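Visitor: Attaching a predicted model along with its sequence, questions to come.
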Amino acid sequence: MSKISAPKGTRDILPSETAAWQYAERVFADVCGRFGYQEIRIPTFEQTELFQRGVGDTTDVVQKEMYTFEDKGGRSMTLRPEGTAGVVRSYLENGMASWPSPVRLFYNITAFRYEKMQKGRYREFHQFGCEAFGSAGPVVDAEMVSLLDLFFRELGLKETSLRINSIGCPTCRAEYNQKLKEYLKPHLDKLCDTCQTRYDKNPLRIIDCKEPGCRPYVQEAPALLDNLCPDCQAHFNGFCNNLDELGLKYTIDKGIVRGLDYYTRTVFEFVSEHVGTQGTICGGGRYDGLVAEMGGQPTPGIGFALGVERLLMELQQQQATMPDPAGITVYIAALGSGAAAEARRWTLRLRTLGVRAETDLLQRSLKAQLKYAGKLGVRYTVVIGEDEIKTGKIKLKDMRQHCEQEMSFEQAEQLLIEGDE
Ligand code: HAM
């Protein structure tokens, strides 16, 4: 029979990697907690309409990349391609507008996009993200960047750069779109098919086009940042000032427009040169119109999501120190079948006391048991036989120091509890 392999674009995260994942998850949750963010867990799939309305009908994500299916009740469902739309839905459904403002939420999710597989680009991937509701001024924008900066520093991640831009509000964007269309009009037939449809529906998306044929026109196009209304300009200046005040370094990049439709004003990305062709580790921005768009009262919002696979690849490239998988502290070998039962009982007692302990499950010889313990790389071994059971004394062998010590079961328990902390 032929073997079944994992679907294209998915990957197994094996035990050798999970320690690093758990560490990153812990540090993220811890840093978020210090900034007042509380964890939210949202469903893996939602009604398709949520993403059509939230993320935007003209985006690549909605048009080409969603895993959409009909459920047995005939409803159209979609595996979440990102977290923001689901968090906004939850914000509204759970009446979070009445919670103390700002409402700060963080999440750790899987997301699904039908994309072409590349290094750092998967069809199922993981995102850490934050969303903050209720604060319109640029202070929260800079605070969010400082959260990311602290998170990266605590993980030991260097060499990432912060790029920022503003894509204005509906008023200045409408004026800009006109200007952009006028500029692009003479070149329209040279743009790719997708950009030709974007021209009428959502011209700003053209700025994000990576097609080589479109690049020259995109590079010469007028920038939205040079066409902001006075309010949006003041907001952007405020964001820059707040970043300066916090000592956070950044580059203004007029080309960042982001790939999702809900953004207004502040947009930002953290990029690195290492993650294959997919250098963006993290992206985010403000979405002051999204809550109202989804049926709530007008409520400003801002957030980001970072790709965990890309983050971990980057940490590995930079040789950041990550914890090793936690191993077994003590192996209890048994000599003879009577002793095996006692070994199993004591192993369970040690586990109850919080010690990472293993004993034989395969009725192996003593030699084979100790060979196995050697492969596990345990710190201590104990052999339990008739004598040990009779005298109540065991020899605890320290595999690192190459020495052994005779003691009672209770004394060994004490030592192992301390050694496992
Ligand atoms: P996004 O830029 O689409 O934004 O995704 C955020 C991050 O997720 C990217 O920077 C990248 O690291 C990672 N990512 C995206 N697609 C893939 C993929 N196919 N494989 C691996 N990693 C990927 C959002 O999702 C917004 N929801 C961010 C946000 C939150 N904006 C406001 N709040």
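Guide: Perfect, I can see it now.
Visitor: buried ones in the longest helix seen in the chain?
Guide: Using DSSP state H, we find that the single longest helix of the chain is helix 15-34. Within helix 15-34, the residues that count as buried by 16 or more other C-beta atoms under 10 Å are Ala20, Trp21, Tyr23, Ala24, Val27, Phe28, Val31, Cys32. C-betas here are computed from N, CA, C, even on glycine.
Visitor: Could you verify my assumption that the first one touches Thr321?
Guide: Going back to what we said before, that points to Ala20. No. If you go by C-beta atoms under 8 Å, Ala20 and Thr321 don't touch, sitting 10.2 Å apart.
Visitor: Show the residue spans covered by the strands in the stretch 301-421 of the chain.
Guide: 301-307, 330-334, 357-359, 380-384, 393-398, 403-408 (DSSP state E, counting those that start in this stretch).
Visitor: Of all these, which one comes closest to the ligand?
Guide: Closest of the strands of the stretch 301-421 of the chain to the ligand is strand 301-307, at 2.4 Å (criterion: C-beta to the nearest ligand atom).
Visitor: May I have the closest one exported as CSV, CA atoms only?
Guide: The C-alpha coordinates for strand 301-307 follow below in CSV (Å, rounded to 0.1, in the frame of the first residue of the first chain):
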residue,chain,number,x,y,z
GLY,A,301,-8.3,49.3,16.4
ILE,A,302,-4.7,48.3,15.8
GLY,A,303,-2.9,45.0,15.7
PHE,A,304,-0.2,42.8,14.2
ALA,A,305,0.5,39.2,13.5
LEU,A,306,3.9,37.5,13.3
GLY,A,307,4.7,34.3,11.5
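Visitor: Residues contacting stretch 344-355, please?
Guide: Residues outside stretch 344-355 that contact it (C-beta atoms under 8 Å, 6 or more residues apart in numbering) are 329-330, 332, 334, 357-359, 384, 409, 413, 416-417, 419-420.
Visitor: so which of these are also by the ligand?
Guide: Among the contacts of stretch 344-355, no residue is within reach of the ligand (C-beta under 6 Å from any ligand atom).
Visitor: Look over those and name the one with the lowest pLDDT score.
Guide: When these are compared on pLDDT, Asp420 comes out lowest, with 68.
Visitor: Run through the bridge partners of Glu70.
Guide: Ser76 (DSSP bridges).
Visitor: I'd like the distance between it and Ile252.
Guide: For Glu70, the distance to Ile252 (C-beta to C-beta, to the nearest Å) stands at 45 Å.
Visitor: Leu14 versus Glu245, what's the distance?
Guide: According to C-beta to C-beta, Glu245 stands 44 Å off from Leu14.
Visitor: same thing with Ser2?
Guide: Distance from Ser2 to Leu14, by C-beta to C-beta: 23 Å.
Visitor: re earlier: for the strands of the stretch 301-421 of the chain, state which one has the densest average packing.
Guide: A comparison of those by mean neighbour count, using mean count of other C-beta atoms under 10 Å, puts strand 330-334 on top with a mean of 26.
Visitor: before we move on, back to that, mind putting the strands of the stretch 301-421 of the chain in TSV, distance to Cys192 included?
Guide: Below are these laid out as TSV (distance: least, C-beta to C-beta, whole Å):
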stretch	distance to Cys192
strand 301-307	26
strand 330-334	62
strand 357-359	59
strand 380-384	64
strand 393-398	67
strand 403-408	71
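Visitor: Give the buried residues for stretch 373-391.
Guide: Ala373, Val378, Arg379, Tyr380, Thr381, Val382, Val383, Ile384, Gly385, Glu388, Ile389.
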